Structure formats: C-alpha cells, structure tokens
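Asks: Provided below for reference: sequence and predicted model.
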Amino acid sequence: MPDPTNGRACDPSVPDCGAGYQCIAELGQHVCRPPNYMVATPQRPGDPARGYDALVNGNYFPCGVPDRAFQVLDAFGLVPSDGAKVPNELGRTGRNAELPYFFTAYTSPKGVPMVTVNCLFCHGGRVDGELVVGLGDNAQDFTYPESISGGLASTASLAGSLVLSADESAELDHFLDRFGVVAPRIQMNVKGANPGDLIPRILGAYRQPDTLAWLSTPNAAILPTTAPAATNVPPWWRVARKNQLYYVGEGYGDHARLLMSAAMYCADDTASATKFDEMFVDVVAYIKSIEPPRYTRRVDATKVATGKALFKERCSSCHGTYGQYASYPNRWVALDEVGTDPALAQQESSARAAAFNTWYDASWYGTAGPLARIQPKLGYVAPPLDGVWATAPFLHNGSVPNLDALLDSSKRPLYWTRNYSSSAFDEVAVGIRYSNVDRITDDYDPNNVYDTTLPGQAADGHTYGDTLSDTERAALIEYIKTL
C-alpha cells in the first residue's frame, strides 16, 4: 500500500507531520515529506516525439569537424566507434544513416557540411549486445592526455592535407579551440570513468554569464584545478522519477537548461542558446518517456517473491517501491551513513563548485526558473532502481562490477579489469564480466585496471547487503532483475 503520510497536504503552521515527516513547500502547496527529501520544482512541458527527432537528428552541440575532414579521419581509423557493425540502428536518413549513432551531420550557418557528437556519445550504451538509448556508456576512454592532444593534432594535420575552404577551416579552428580548452582538464585514471560533472564548470569559466560570449581569459574562481572525480554515467530513464537530477542533489530547477549543457561548447550568444533551449524542452520530454529495458531471461518466481519482501524491508526506504504502488522517495543519504567514496560529493561542494553555481544562477542558464544548481549535499541521492540490472558497473563511481558484489562487499575486487565487449553480460552475478588483477605478477596497465585504492575510485560503503545470507542475497538479486 502507498505511504499515507508522504505527499499528504499539511498546514505550514504545524511543521511536524509526525513519524519524522516535515511540512514543506513544494510546487505551490504544502505537503508532508520524509527526512532528506529532494524538493521538486516546476518543469516546462514538451513533446516526446519531437524530442526524439531532435535528439538523434538535431544539432545541439553547435561545432564539430567539416564532413570532408571527418571522412579523412575515418579513413585513418581516428573516428571513435563502439565496435559494433550494425548499420543505422536508429533508422536515421541521409548522411546520418551512414554515421555511428553518437554522431550527427548538420550544415553550419555558413553552409559547411559538418559532423559532430550528440548526447548518445555518453547516454547511449549496450547491454548484452543491444543498443539502449538512454543507457549510460560506461566504456568511453578519457584516460590518455597524449591521445587527446595527439588526436587534436592529428585532426588539424590530416584536415590540413585537404584543400579546405576558408569557411571549413574557420569551423575546424572553432571546434579545436573549444575542445582544446576542455580536453586536457578531463583526464581520468581508468577507461570507463566519466568526467562529465566538471565539463560544464570548465566551459562556464570561459563564458560571460549574461551574454554567453567566449572569454579569452577564464574566470579563475570557477575553473577546476584538480582532476575530475570518477562518475558512472547514470541511465536517462531515472530522470522522470528524480526531482533533482544529479548524484549529490544538484539539478534543482529547470531540467531542460541543466541537460542542455553541451551547448556551452559553442553556443556563443543567448540567441543561439535560446534556440537550443526550445529544442531541449522536447528532448527532456522524450528522456522522461524512456522506459527501462526489461530483463528477458528466465527468473525464478519463488526467489522473486522472497526477494520482493526483502527489498521492501531492506531497500525501499531509500530506493522506492515498484509495481502497482510505485513510489520513489527522492532521498539523499549522508556520507557517514552510506560510506561510499566521498570525492565526488566533496568536489561538488567545493568553493569552486559554489562559484560555478553562482555563475549559473546569474547567467542566461539560470533565467528559466528557480535557482538551478544549488544545494549539493555531502552525500549521495539514492537512485531509483528501474532497469538497474542493465547499468553495471555500480555505485556512483563505477567501482563495483556486479550486483552480487554490491550486496556483499567482501566480493568486491581491489584491482580489476573488465571485458569491454558489449555482449559480456554476467547473468549469474548480474553485471559485467571482469578479471582480478595482481599488481605484482600481472601485466598491469593502469589505464585498463580499475584501482579501488585510488582517491575517487574506492569501492567502500553501501554495505547494507552484507548481513544477508547467500540464499537471501540470491533472492533479492532475482527480484531486482524484474524492476
């Protein structure tokens, strides 16, 4: 049955709703909410069908590589690929039908045919060999500064071997200039770790807040000076259930503005940003319509029933309930309670993060409604678990390879390397296949080995499953598969 207290109308003059619930203001009314609740804010409606078309065919990352130069790079094997040989998986037309799903063709205002990345570069992934739009791609490689700088140099050099027009050269220079600012600051320790949380801050440091004009000298108070904390790209289907979008409780305010941060690369004025904003209202509507992938293998009905009862008892207060009375508590959990790696929470609560929040709220991005990136917490928001079976590795930093190890901390590897094949799904442990690595005897490649002893990469915390018996743990995992 649904919780009778959560969401019940209340009188603000009587702030205590009982049972630890407090009467708070939310969406123009006063309602009872549980402790550590993340408050909802008004959102603009959009059209999901238009949003899908914009997502896979539109240009909201308004700079890239001239198509002629892109074709040269492709011929030399310098274009990223996820290794799949499935053509046109998204059913696109024209030049887009010839490109990997995470690239989009467009024509620049000067008439130059261009190719750029789209959101699926990080927000499209594979599980069991199948492409899932909205699944975080946790196999991208942000480890090599030499490959970043070398890739930029190769792009410029190979493009220079063509006879580019003045307009093509200008477009290429624009892209290389902007990407060159970001790339050296987002190096990760291991393949699969994502630096996405820092990218908007880097770009914001180079933008005049009111006009969005590009600055030749960045705002030193905002610009990150340390390596980004590792993050595991979360699935998009969680967005519909979350009041505040991100791991540490940021994302308070207009979701379309927050999720269109890629436009910061090259949207050099408010008129351009406004055009992308109109598009992203629909894109967010599509994102919120995404259903999680269903687990298609057989499950043991007896185990599922046992696991459902265990889930309600052990997990639902943070992760919600599912089925007929589905609910999600939108609750954040303090670091000293959850015990997971603190680096991301500390990064997002730093003075430089606060300076970016101030920039954001005073900028064009902050004009869509309530202050947009306030209230990061020294803790993490417990996510909804719809489709969680498909989202390995686990924890906010991707430090745990499967659900079995997530629910039994003694099974978490210290040093491990994963199988990056899109079909390497571990049906028994429910996650990705991996191998333990011995730093002394094995051929140790730090860029391919997840080292949980490094800052930001610890596999600590979330020990709530450690007291389960093996039989109970197996039953709980069997139920989680069905969510």
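Replies: Noted; the coordinates are in hand.
Asks: ok, Y322 touching V388?
Replies: No. Judged on CB atoms under 8 Å, Y322 makes no contact with V388 at a distance of 10.6 Å. From N, CA and C alone the C-beta is placed, and that goes for glycine too.
Asks: Give the intersection of the neighbour lists for these two.
Replies: Common neighbours of Y322 and V388, using CB atoms under 8 Å, 6 or more residues apart in numbering, are L483.
Asks: what about stretch 258-276, how long is it end to end?
Replies: Stretch 258-276 has an end-to-end distance of 12 Å (criterion: CA to CA, to the nearest Å).
Asks: centre of the chain versus that stretch, how much separation?
Replies: Distance of stretch 258-276 from the chain centroid (CA atoms, centre = their mean, to the nearest Å) equals 19 Å.
Asks: next one: stretch 469-483
Replies: Centroid displacement of stretch 469-483 relative to its chain, using CA atoms, centre = their mean, is 26 Å.
Asks: ok, and what's touching that stretch?
Replies: Residues contacting stretch 469-483 (CB under 8 Å, 6+ apart): 292, 295, 297, 299-300, 303-308, 310-311, 314-315, 322, 385-389, 403-404, 407-408, 430, 465, 468.
Asks: Those residues in strands, which ones?
Replies: When those are checked against strands (DSSP state E), there are no matches.
Asks: Buried subset of those as a ChimeraX selection?
Replies: Paste this into ChimeraX to select the buried members of the contacts of stretch 469-483, with burial taken from 16 or more other CB atoms under 10 Å:
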select :292,295,303,304,306,307,308,310,311,314,315,322,385,386,387,388,389,403,404,407,408,430,465,468
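Asks: from the contacts of stretch 469-483, which ones fall inside helices?
Replies: By the criterion of DSSP state H, membership of those in helices covers 303-308, 310-311, 314, 403-404.
Asks: can you list the residues you listed in CSV and add distance to A183 and pLDDT?
Replies: Shown next, in CSV, are those (distance: CB to CB, whole Å; pLDDT from 0 to 100):
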residue, distance to A183, pLDDT
K303, 47, 98
V304, 46, 97
A305, 51, 97
T306, 49, 98
G307, 44, 98
K308, 46, 97
L310, 46, 97
F311, 42, 97
R314, 43, 95
L403, 34, 98
D404, 36, 98
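Asks: what's P224 in contact with, if anything?
Replies: P224 is in contact with 185, 198, 201-202, 352, counting by CB under 8 Å, 6+ apart.
Asks: can I assume it sits in a strand?
Replies: No. Under DSSP: H, G, I helix; E, B strand; the rest coil, P224 sits outside any strand and is assigned coil.
Asks: Could you measure from N189 over to D438?
Replies: Taking CB to CB, to the nearest Å as the measure, N189 falls 18 Å from D438.
Asks: Looking at these two, which has the bigger crowd around it?
Replies: N189 (18 against 9; other CB atoms under 10 Å).
Asks: The more buried one contacts P446, correct?
Replies: Yes. Applying CB under 8 Å, one finds N189 in contact with P446, separated by 6.9 Å.
Asks: any weak-confidence spans in the stretch 101-250 of the chain?
Replies: Scanning the stretch 101-250 of the chain for pLDDT under 70 picks out 144-161.
Asks: Hmm, I typed the wrong one, I wanted the stretch 351-483 of the chain.
Replies: The model of the stretch 351-483 of the chain has pLDDT under 70 over residues 369-376, 422-423, 440.
Asks: ranges for the strands of it?
Replies: Under the criterion DSSP state E, counting those that start in this stretch, strands of the stretch 351-483 of the chain are mapped to 379-381, 415-418, 425-426, 431-432, 434-436, 450-451.
Asks: Show me which of the ones in helices among the contacts of stretch 469-483 is closest to H174.
Replies: Within the ones in helices among the contacts of stretch 469-483, the smallest distance to H174 is 44.5 Å, found for L403 (CB to CB).
Asks: Roughly how far does the closest one sit from P292?
Replies: Separation of L403 from P292 (CB to CB): 15 Å.
Asks: so is A229 in a helix, a strand, or just coil?
Replies: Applying three-state DSSP: A229 is coil.
Asks: Name the nearest of the ones in helices among the contacts of stretch 469-483 relative to C122.
Replies: Comparing these against C122 with CB to CB places L403 closest, at 22.7 Å.
Asks: and that closest one, what is it in contact with?
Replies: So L403 contacts 388-389, 392, 394, 429-431, 477, 480 (CB under 8 Å, 6+ apart).
Asks: Output these as TSV; include the columns distance to P455.
Replies: Shown next, in TSV, are the contacts of L403 (distance: CB to CB, whole Å):
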residue	distance to P455
V388	26
W389	29
A392	22
F394	19
A429	27
V430	28
G431	24
I477	30
I480	30
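Asks: And these, which two are furthest apart?
Replies: For these, and using CB to CB, no pair is farther apart than V388 and A429, which are 13.6 Å apart.
Asks: Ranking by neighbours, what's the top pick from the contacts of P224?
Replies: Neighbour max across the contacts of P224 (other CB under 10 Å) = R201, 26 neighbours.
Asks: wait, that one sits on A221?
Replies: No. Using CB under 8 Å, R201 is not in contact with A221; the gap is 10.8 Å.
Asks: For the two, list the residues in contact with both.
Replies: In contact with both R201 and A221: R352, using CB under 8 Å, 6+ apart.
Asks: which residues sit in contact with N138?
Replies: 125, 192, 194, 232-233, 392-393, 398.
Asks: Nearest to the middle of the chain, which residue? Look it up for me.
Replies: The chain has V233 as the residue nearest its centroid, 3.5 Å off, counting by CA atoms, centre = their mean.
Asks: Leaving out sequence neighbours, find the closest residue to I199.
Replies: Closest residue in space to I199, ignoring its immediate chain neighbours: V182 at 6.1 Å, by CB to CB, 6 or more residues apart in numbering.
Asks: isn't the one you found right up against I202?
Replies: Yes. Assessed by CB under 8 Å, V182 is found in contact with I202 at 5.3 Å.
Asks: Verify the stated contact: G461 with P342.
Replies: No. Counting by CB under 8 Å, G461 does not reach P342; the two are 9.2 Å apart.
Asks: show me where the stretch 1-150 of the chain has helices.
Replies: 48-57, 67-75, 120-123, 145-160 (DSSP state H, counting those that start in this stretch).
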